[in-house]
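The amino acid sequence is not available; the structure is as follows:
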């Protein structure tokens, strides 16, 4: 049986910036729009965190029963390492999705009923990333899904529940968050190219190859800082977002120096941290107006 610390590691807490940062950025965009219903912000954060932990457990379960994680490099996987039964990990994923569903229902009932449909699509997208008979994460669509769900949907959805509308500032923040989140996944998939290729998991990194995937990582990390320049049209304080650039540069260092395996793990961590710092700094700038 897995220990509590192993379950915690299996939840992959280092991915939490990918869930927290979009809500923070959305709060900044909402504040810039005015008339914010602030009590909904922590509920939206709960939805986002529950979804990302749920998808982490779901991936652990689905990859584990397929044997994709038998020779994994990186953080432990509970099923692949035989630390927990597939049923237990699947149950943890379902519990997280259920929590996200309940919190999301609260937001839908107090905002707009059609948000229930958005929630259903999000949970289905989380499960079928590596689950089901034809997981789209095995076909190179993972980065697109991450951009959509943890960028566009997370930011614009949160801005909508906070203000009952979305705007161009929210869209700009959504693009930035989507690019950061996709960069985290690209770094992860570059690390796993050898094992994914052997397992038949055709991620975008496997399809593009090592060199082009490393270039994509740099490009994705660069886009948010172009967004910071565009946001200057709304507020000069939006320039605060560039304080995350040193972290983004550090995140790309193992990638551009062609590191492999475990040496790429800092790229995942620092890409997520750069995302969080950008979101916080940009939100402060938007609040300053």
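Yes, it's here. As the structure is a prediction and not an experimental result, all values here were calculated from the model.

just for the stretch 51-200 of the chain, where's the confidence low?
68-74 (pLDDT under 70).

In it, what residue spans correspond to helices?
Assigned by DSSP state H, counting those that start in this stretch, the helices in the stretch 51-200 of the chain fall at 86-109, 115-127, 142-147, 154-163, 168-191, 193-199.

Flag every buried residue along the fifth one.
Pointing back at helix 168-191 there. Going by neighbour count (16 or more other C-beta atoms under 10 Å), the buried part of helix 168-191 is 169-191. Backbone N, C-alpha and C define where each C-beta goes, glycine included.

Give me the angle between that helix and helix 154-163.
With axes from the mean of the first three to the mean of the last three C-alpha atoms, to 10 degrees as the basis, helix 168-191 and helix 154-163 are set at 150 degrees to each other.

so what does helix 168-191 touch, helix or strand wise?
helix 16-33, helix 142-147, helix 154-163, helix 204-208, helix 210-231, helix 245-256, helix 265-288 (3 or more C-beta pairs under 8 Å, 6 or more residues apart in numbering; DSSP states H and E).

and the fifth one, average pLDDT?
Rounded to a whole number, the mean pLDDT of helix 210-231 is 96.

any idea how far it is from the chain center?
16 Å (C-alpha atoms, centre = their mean, to the nearest Å).

re the thing from before, of the helices and strands packed on helix 168-191, which is nearest residue 237?
Smallest distance to residue 237 across the helices and strands packed on helix 168-191 (C-beta to C-beta): 3.6 Å, for helix 265-288.

what's the spacing between that closest one and its chain's center?
Averaging C-alpha positions (C-alpha atoms, centre = their mean) puts helix 265-288 13 Å from its chain's average.

Begin at 26 from now on, thanks
Noted, 26 is the first residue going forward, which turns the last one into helix 290-313.

and residue 306, what does it touch?
Taking C-beta atoms under 8 Å, 6 or more residues apart in numbering as the contact definition, residue 306 lies against 265, 266, 267, 268, 269.

Keep only those of the residues you listed that are in strands.
Among the contacts of residue 306, no member falls in strands (criterion: DSSP state E).

Let's see if you can find the most crowded of the residues you listed.
residue 266 (29 neighbours; other C-beta atoms under 10 Å).

That one is in contact with residue 254, isn't it?
No - in this structure, residue 266 is not within contact of residue 254 by C-beta atoms under 8 Å, at 9.1 Å.

Distance to residue 292 added to the helices of the stretch 76-225 of the chain, as a markdown table?
Output for the helices of the stretch 76-225 of the chain, formatted as a markdown table (distance: least, C-beta to C-beta, whole Å):
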| stretch | distance to residue 292 |
| --- | --- |
| helix 111-134 | 26 |
| helix 140-152 | 23 |
| helix 167-172 | 15 |
| helix 179-188 | 22 |
| helix 193-216 | 4 |
| helix 218-224 | 14 |
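
Residue 260 is nearest to which of those helices?
Nearest to residue 260, of those and by C-beta to C-beta, is helix 193-216 at 8.8 Å.

Roughly how far does the closest residue to residue 276 other than its chain neighbours sit from residue 73?
Leaving aside its chain neighbours, residue 276 sits nearest to residue 295 (3.5 Å; criterion: C-beta to C-beta, 6 or more residues apart in numbering). With distances taken as C-beta to C-beta, to the nearest Å, residue 295 is found 21 Å from residue 73.

Give me the more crowded residue out of those two.
Set residue 295 next to residue 73 and count neighbours by other C-beta under 10 Å: residue 73 wins out with 28 against 23.

Secondary structure element holding that one?
helix 65-91 (DSSP states H and E).

which residues touch the closest residue to residue 226 other than its chain neighbours?
Sequence neighbours aside, residue 163 is the residue nearest to residue 226 in space, at 4.9 Å (criterion: C-beta to C-beta, 6+ apart). By C-beta under 8 Å, 6+ apart, the contact list for residue 163 reads 155, 225, 226, 227, 228.

Buried subset of those residues as a PyMOL selection?
Command for PyMOL, covering only those of the contacts of residue 163 found buried under the criterion 16+ other C-beta under 10 Å:
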select buried, resi 155+226+228
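
OK, contacts around residue 49?
If a contact means C-beta under 8 Å, 6+ apart, then residue 49 has 301, 304, 305, 308 as its contacts.

how far away is the closest residue to it other than its chain neighbours from residue 79?
Distances taken as C-beta to C-beta, 6+ apart put residue 304 closest to residue 49, at 4.3 Å, once the chain neighbours are dropped. For residue 304, the distance to residue 79 equals 21 Å [C-beta to C-beta].

I am finished for the moment; much appreciated.
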